[in-house]
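Enquirer: need the 3D shape of this:
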Amino acid sequence: MTTKYLPLLSLVTGMLFSASSHSEITTGEPAPNFELPDQYMKNHTLADYRGKWVVLYFYPKDDTPGCTTEACNFRDDIFKIRELNAEVLGVSVDNTESHRQFTEKHGLPFPLLSDGDAEVAKSYGSAWSLGSVKLAKRHTFIIDPEGNTAKIYRKVNPAKHSEQIIQDLKALQSEQS
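Expert: Numbering: from 1, shown residues only. Predicted structure coming up:
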């Protein structure tokens with residue numbers, strides 16, 4: 001490829017893979033509130049979980065390999081996570097029907113929230129788009145019982161993430177003791 005096409009390639013790539021313009025949140029600050037429906041059309045807000053630790057994980061697409069691995073590992077570890085006074089909430093831009101099918105297919109025992117316009121993902125710095133298609137980045141946030149962001153994961157290995165969350169919840173909780 002000749003160098004005369006590099007500016008055009010850069011422009012097209014930027015248009016196709018644009019990230020959210022919203023600034024990323026940092027640890028220690030209040031987590032952005034949300035109100036989103038789950039796979040059964042029940043609305044959830046962050047305030048509903050006050051007094052508990054929240055594992056809020058964003059993922060790109062229901063029933064894709066990485067997303068299925070991540071969700072099923074959270075499913076398999078849900079009792080360990082709940083023993084730590086924590087709840088898991090998954091968020092993607094998929095609709096509630098897609099979430100319901102994904103939940104039933106894999107026996108997921110936690111809410112999957114539908115962020116169809118990616119506004120909540122944007123508020124967490126976790127939205128991106130591929131042309132006109134909006135998606136959530138694979139990011140996770142541990143939110144403490146007071147609603148503050150305690151830990152942020154911007155690089156997630158779906159196969160090991162649930163184990164990492166459990167270890168980090170234990171560490172965060174021992175720091176607060």
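Enquirer: ok, the residue at minimal distance from the centre of the chain - contacts?
Expert: Nearest residue to the geometric centre of the chain (C-alpha atoms, centre = their mean): Phe58, 1.6 Å. By C-beta atoms under 8 Å, 6 or more residues apart in numbering, the residues touching Phe58 are Gly90, Val91, Ser92, Ala121, Tyr124, Ser126, Ala136, Lys137, Arg138, His139, Thr140. All C-beta atoms are positioned from the backbone trio N, CA, C, and that covers glycine.
Enquirer: give me the phi and psi angles of it.
Expert: phi -100, psi 140 (degrees, to the nearest 10).
Enquirer: going by length in residues, pull out the top helix of this protein.
Expert: Using DSSP state H to define each element, the chain has its longest helix at helix 161-176.
Enquirer: run through who's touching it.
Expert: 53, 55, 57, 70, 73-74, 76-77, 80-81, 84-86, 140, 142, 144, 150-151, 153, 157.
Enquirer: which among these end up buried?
Expert: 53, 55, 57, 70, 73-74, 77, 81, 84, 86, 140, 142, 144, 150-151, 153 (16 or more other C-beta atoms under 10 Å).
Enquirer: quick one: the helices in this protein?
Expert: Using DSSP H, helices in the chain cover 6-16, 65-76, 78-83, 96-106, 119-123, 161-176.
Enquirer: brilliant, that's me finished.
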